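Chemist: what follows is a protein structure lacking sequence information:
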């Protein structure tokens, strides 16, 4: 099981590249659970925006105005039962389908107000004591040690109440890899501050269930927080799949010229080797062209991630931190431009093809069908309904009551 946790600072509009980035992360890391903090929208709006993730189950809490908001999404590989939903956390019961083991998870968004943190951790202590085995993941809004911070004041506010909560449960931190810090104010010069706010803690009996559990800190993109990924098992290197050539590549004039030039080239040998060698050269040439021109047609999240991870590992002082965030700003600017360009390019292709549907617009239309499909509704009691039978009954009863009248027949007027 892999859990993706990110303080995304708002899911943005339909043109924002935040959901495409999460979608790539889900596919690349094989995520089964996604926990988003500070969605800055309602649960219904967040579920609508996150439809491309293909995670059918959800729960969460609405934002208050333009602040807060939690959204938890998961697929069919996980049996998750929400127990308590709060603006600061979601408590769930998790049932392992393979071993039938039961444990509890708290998806946390810590108190941001310093004056309220002591009472918050007291309430969390009372909550955590009743559930075991327990794992807690999210944005704690609290650093624990001096080496978890770079820049700014050396004073760590609220650390005593936080340590009191963690030690009295007790909880141990799950080891991590990747960048040391998970939050930054992204300011220039000596005003730059980095802290490790996003972490994962677990009780001892949870660690006995998952002794190989570890956390991977990802890159800071499109937010001021780094996403983190909790893996309950050891990472197995994904096998490389055969490289696919998309149809749109074959329609490019450069590809057509490449194929014709290779095919017209004279190669000595038998007819069978003649054809085999040319096909091999064409395959190699197309692959080389696609890899060289990938950035012209789509956002290469994999290359961006590798580039940022390499530079993030070098952050050890203010100067190296500034260099890293200068690279982040440049890449984020390019991401927005590429995302906007790709959408405009798809629209121009539709015009030049006399309105015939391209593969891109076919996938967009299928995605829109998913968006228009009603997957859940709230009944009068405030509970979510998701099964097709219950949805049908709820809709029929609503419109039946809306268009029926219970008014008694009025007496006829006296003549």
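Modeler: It's in. For clarity, every value in this text was computed on a predicted model and none was experimentally measured.
Chemist: where does residue 175 land on pLDDT?
Modeler: Looking at residue 175, its pLDDT reads 93.
Chemist: apologies, that question was intended for residue 367.
Modeler: 59.
Chemist: now residue 240
Modeler: 59.
Chemist: check the one 4 residues further on too.
Modeler: Residue 244 carries a pLDDT score of 65 in this model.
Chemist: do the same with the one 4 residues further on
Modeler: Among the per-residue scores, residue 248 holds a pLDDT of 60.
Chemist: same thing with residue 295?
Modeler: With respect to pLDDT, residue 295 scores 55.
Chemist: and for residue 28?
Modeler: We have a pLDDT of 88 for residue 28.
Chemist: got the phi and psi for it?
Modeler: For residue 28, the backbone dihedrals are phi -70, psi -40 (criterion: degrees, to the nearest 10).
Chemist: run a quick neighbour tally on the residue nearest to it when sequence neighbours are not counted.
Modeler: Leaving aside its sequence neighbours, residue 28 sits nearest to residue 302 (CB to CB, 6 or more residues apart in numbering; 6.8 Å). Where C-beta positions appear, they are placed from N, C-alpha and C, glycine not excepted. Other residues near residue 302 come to 11 when the count uses other CB atoms under 10 Å.
Chemist: secondary structure class of residue 302, three-state.
Modeler: Classification of residue 302 using DSSP: H, G, I helix; E, B strand; the rest coil returns helix.
Chemist: any idea how far residue 336 is from it?
Modeler: Distance from residue 302 to residue 336, counting by CB to CB, to the nearest Å: 18 Å.
Chemist: my read: the residue nearest to residue 28 touches residue 25, true?
Modeler: No: counting by CB atoms under 8 Å, residue 302 does not reach residue 25; the two are 10.5 Å apart.
Chemist: show me whatever sits in contact with both of those two.
Modeler: Both residue 302 and residue 25 lack any common contact, where contact means CB atoms under 8 Å, 6 or more residues apart in numbering.
Chemist: what's residue 231 sitting at in phi/psi?
Modeler: Here the main-chain torsion angles of residue 231 (degrees, to the nearest 10) amount to phi -110, psi 130.
Chemist: skip the chain neighbours and tell me the closest residue to it.
Modeler: Nearest residue to residue 231, sequence neighbours excluded (CB to CB, 6+ apart): residue 2, at 5.1 Å.
Chemist: any stretches of the stretch 151-300 of the chain with poor pLDDT?
Modeler: 235-249, 294-298 (pLDDT under 70).
Chemist: would you map the strands across it?
Modeler: Assigned strands in the stretch 151-300 of the chain, in chain order: 172-173, 176-177, 183-184, 194-195, 198-202, 214-217, 228-231 (criterion: DSSP state E, counting those that start in this stretch).
Chemist: ok, which of the ones you listed comes nearest residue 135?
Modeler: Of all the strands of the stretch 151-300 of the chain, strand 198-202 sits nearest to residue 135, with 4.5 Å by CB to CB.
Chemist: which residues does the closest one contact?
Modeler: Outside strand 198-202, the residues that reach it (CB under 8 Å, 6+ apart) are 5-7, 133-140, 166, 171-174, 176, 182-183, 210, 213, 215, 217, 225-228, 230.
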